[in-house]
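A.B. asks: Need coordinates for the following:
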Amino acid sequence: MHLHGKGRKERVLPLWKHTSAAVRAWMRTLPTEPTQALLPNRFGQAMSRSGVEERLQRAVSAATSGCPSLRDRNVSPHVVRHSTAMALLQSGVDLAVIALWLGHKDVSTTHQYLEADLAMKERALATLQPPETKAPRYSPKADVLAFLDSL
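C.D. replies: Alright, predicted model coming up:
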């Protein structure tokens, strides 16, 4: 799927087969113009950012019957984007792939997701064993003690 995102960046994303089939079925209901937006507004134009937010809020409202905790959350397109990136990271997807997926020019921009994931840090810490060694007690040599006495 080709997407045009923020800053007019174009992204190419793979889809699951069942998602691709659903998109193709949806496209058959749309006019067959090559520039037709996949998710048009009521005028047939590409949906605006506020239109996307409004549709997402409708979906969240509908989903609250099955998941009441959604009432207490602010779900925005950015939250969906961030959650998707975190799910990819937690699934073991390479950070460079996530950066490409999100349209980041530099992997360092995507690095913030590594910093944000406390659960991953806790799992990594749980795999480590604390060191079993004790630090030896320091015993100064006679010449060091003599020097210190002379001060």
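A.B. asks: Going by C-alpha atoms from here, please, whenever you check contacts or count neighbours.
C.D. replies: OK.
A.B. asks: what about Leu151, how many neighbours?
C.D. replies: Applying other C-alpha atoms under 10 Å, we find 5 residues neighbouring Leu151.
A.B. asks: For it, which residues are in contact?
C.D. replies: For Leu151, no residue meets the contact criterion (C-alpha atoms under 8 Å, 6 or more residues apart in numbering).
A.B. asks: what about it, distance to Lys141?
C.D. replies: For Leu151, the distance to Lys141 equals 16 Å [C-alpha to C-alpha, to the nearest Å].
A.B. asks: next one: Ser76
C.D. replies: Looking at Ser76 against Lys141, where the rule is C-alpha to C-alpha, the gap reads 66 Å.
A.B. asks: So those two - more neighbours on which side?
C.D. replies: Taking neighbours as other C-alpha under 10 Å, Ser76 and Lys141 compare with Ser76 leading, 15 against 8.
A.B. asks: Which residue is the nearest non-sequential neighbour of the more buried one?
C.D. replies: Leaving aside its sequence neighbours, Ser76 sits nearest to Glu53 (C-alpha to C-alpha, 6 or more residues apart in numbering; 6.4 Å).
A.B. asks: name the element that neighbour belongs to?
C.D. replies: Assessed by DSSP states H and E, Glu53 sits inside helix 49-63.
A.B. asks: I appreciate the help and will end here.
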